[in-house]
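1. coordinates for the following, if possible.
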Amino acid sequence: MKSFWVKCTVVIIALTMVFSFGGCSKGQNDKGAKVAQTQLEKDKLEIQQFVKEYYESEIPKDEEYLKGFFVNPSIADIQTIKKKFSVFSIEKIKFNGVYNVKKEGRLAAMTGSFNAYFKSISTPRPDVEIVILIKKNNKWYFLNDDSSLNENELMWENNQKRIQNKFIVSSKNMNKILETNKSFDEANKDYMNQCKNKFLGSQGDK
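-> The predicted structure follows:
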């Protein structure tokens, strides 16, 4: 009988240890997941603020300021962007949001949306574009130079461009933006073509 109670005691202790360790492991996993989720949300807020600041600075800020948003400012062609705004008489860019944000290591990919406001047209022209960012020294930058990427990062970037393209095609929200974009261009066809030809002509004069 004494042997029976000893065996029962050993079994109970063993089970207690199993459940104790199991609970600890689950708690640690839950804590780790919460930390990761918190960091992801923090990154998304930083990314949103970064992209918003750039979009809404494109008109009022100068070339040197805007170059600072790019990981390689020496090859950021802000002059061409500024020229396009001037030719099309774009007075304001309003940030709408970033969508389908994906992050891997120091890279982030997403679809950005904005409205362009023209001087002589009452309604804005919405648009979307794929945005790739890189984090350097704890700051986000637009990735305009792939030379600093390793092979895995380059593969991830190229894959994300395909994923974001599919998102733009399949998302109802993105499709609605593109439909409005198309309607804007059709309604202002003569003006847009005139500005486009003028801009292309100015590029040939470089």
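
2. do I have it right that I121 meets Y191?
-> Yes - in this structure, I121 is within contact of Y191 by C-beta atoms under 8 Å, at 7.3 Å. All C-beta spots, glycine's among them, are computed from the backbone N, C-alpha and C.

3. so where's this structure uncertain?
-> Residues of the chain meeting the criterion pLDDT under 70: 1-37, 204-206.

4. tell me which stretches of the chain form helices.
-> Ranges of helices within the chain are 2-55, 63-67, 78-87, 151-170, 172-187, 189-204, based on DSSP state H.

5. now the fifth one: buried residues?
-> Meaning helix 172-187. 174, 177-178, 180-181, 184 (16 or more other C-beta atoms under 10 Å).

6. stretch 161-171 too?
-> For stretch 161-171, the neighbour count (16+ other C-beta under 10 Å) marks 164, 167-168, 171 as buried.

7. make a markdown table out of the buried residues of helix 172-187 and add distance to G201.
-> A markdown table is the format used below for the buried residues of helix 172-187 (distance: C-beta to C-beta, whole Å):
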| residue | distance to G201 |
| --- | --- |
| M174 | 32 |
| I177 | 29 |
| L178 | 27 |
| T180 | 28 |
| N181 | 24 |
| F184 | 23 |
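
8. ok, so of these, who is nearest E91?
-> F184 (15.4 Å; C-beta to C-beta).

9. which residues does the residue lying closest to the closest one once chain neighbours are set aside contact?
-> Spatial nearest neighbour of F184, chain neighbours left out: R125 (4.5 Å); criterion: C-beta to C-beta, 6 or more residues apart in numbering. The contact partners of R125, taken as C-beta atoms under 8 Å, 6 or more residues apart in numbering, are 115-116, 118, 181, 184-185.

10. likewise S122?
-> No residues are in contact with S122 under the rule C-beta under 8 Å, 6+ apart.

11. and what of the one 4 residues further on?
-> Shown here is P126, whose contacts under the criterion C-beta under 8 Å, 6+ apart are 96, 113-116, 177, 180-181, 184.

12. quick check, nearest of these to Y141?
-> Nearest member of those to Y141, counting by C-beta to C-beta, is F114, at 18.4 Å.

13. gap between the closest one and E129?
-> As judged by C-beta to C-beta, to the nearest Å, F114 and E129 stand 8 Å apart.

14. quick one: which of the two has more around it?
-> F114 (22 against 11; other C-beta atoms under 10 Å).

15. who touches the one residue sitting closest to the centre of the chain in this structure?
-> Centroid-nearest residue in the chain, with C-alpha atoms, centre = their mean: M110, separated by 3.3 Å. By C-beta under 8 Å, 6+ apart, the residues touching M110 are 47, 51, 98-102, 130-131, 133, 164.
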